[in-house]
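Peer 1: Starting from these lines, generate the structure:
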Amino acid sequence: MIYVFLATGFEEVEALGPIDVCRRAGLTVKTVSITDEPIVRGAHGVGILADSMFADNDYSDADMLFLPGGMPGATNLDAHVGLREVILAHHKAGKALAAICAAPLVYGNLGLTQGKKMTCYPGFEQYLTGADYTAALVERDGLMFTGKGPAAALGLGYAIVEYFCGEATAEQLKQGMMYYDL
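Peer 2: The predicted model follows:
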């Protein structure tokens, strides 16, 4: 199970791109509102109906936690005490984490970036304490997956699919979605 956390002001394409790619691969993805409402408004006013509310999950079945970026979405994720606790428990259990754009700041503020190769939206690398900031479009270091910004949404989705389903499945999706025809 991949949980995608939606906070007011999230970057819509950074959430929906990876969700779409992962679901095409047959992965189970559940969106979670960390607000008091099931419909979460993104940075560009698009309302997304979350699959569940934060309190309705125990997250023990999580294989990956995914944080979309956007502002103020990333800072809203960082301010959610319950989410921070879930992330720390998930990390301690040795499970995968993903974030894109500004959202890797959450992992940095939790002390989870030390010694990791990471990327993020330019200007947010200051929050990746002890990380090796690469500025790559997509970066994977062990169980940490990061994307630079909106243009990285599909690439990050493919990296997640490759991790869970293998390179052949990721390549098949890229071909079918005409990823190489850009």
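
Peer 1: How about the contacts made by D63?
Peer 2: Residues near D63 by CB atoms under 8 Å, 6 or more residues apart in numbering: 1-2, 95-96, 164. Where C-beta positions appear, they are placed from N, C-alpha and C, glycine not excepted.

Peer 1: Filter the residues you listed down to the buried ones, ChimeraX style.
Peer 2: Once 16 or more other CB atoms under 10 Å is used to decide burial, the buried members of these can be selected in ChimeraX as follows:
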select :2,96,164
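
Peer 1: Please flag which of the contacts of D63 sit within helices.
Peer 2: Here DSSP state H is the test, and these give F164 as lying in helices.

Peer 1: I'd like the contacts of D63 laid out as a markdown table, including pLDDT and distance to T35.
Peer 2: What follows is the contacts of D63, written out as a markdown table (pLDDT from 0 to 100; distance: CB to CB, whole Å):
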| residue | pLDDT | distance to T35 |
| --- | --- | --- |
| M1 | 98 | 21 |
| I2 | 98 | 20 |
| K95 | 98 | 24 |
| A96 | 98 | 25 |
| F164 | 98 | 28 |
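
Peer 1: from the contacts of D63, which is closest to Y179?
Peer 2: Sorting the contacts of D63 by how near they are to Y179, with CB to CB, puts F164 at the top with 17.7 Å.

Peer 1: distance of the nearest residue in space to that closest one that is not next to it in sequence from I2?
Peer 2: On the basis of CB to CB, 6 or more residues apart in numbering, the spatially nearest residue to F164 that is not a chain neighbour turns out to be L27, at 5.8 Å. To I2, L27 is 6 Å away according to CB to CB, to the nearest Å.

Peer 1: Which neighbours do the two have in common?
Peer 2: In contact with both L27 and I2: I160, using CB under 8 Å, 6+ apart.
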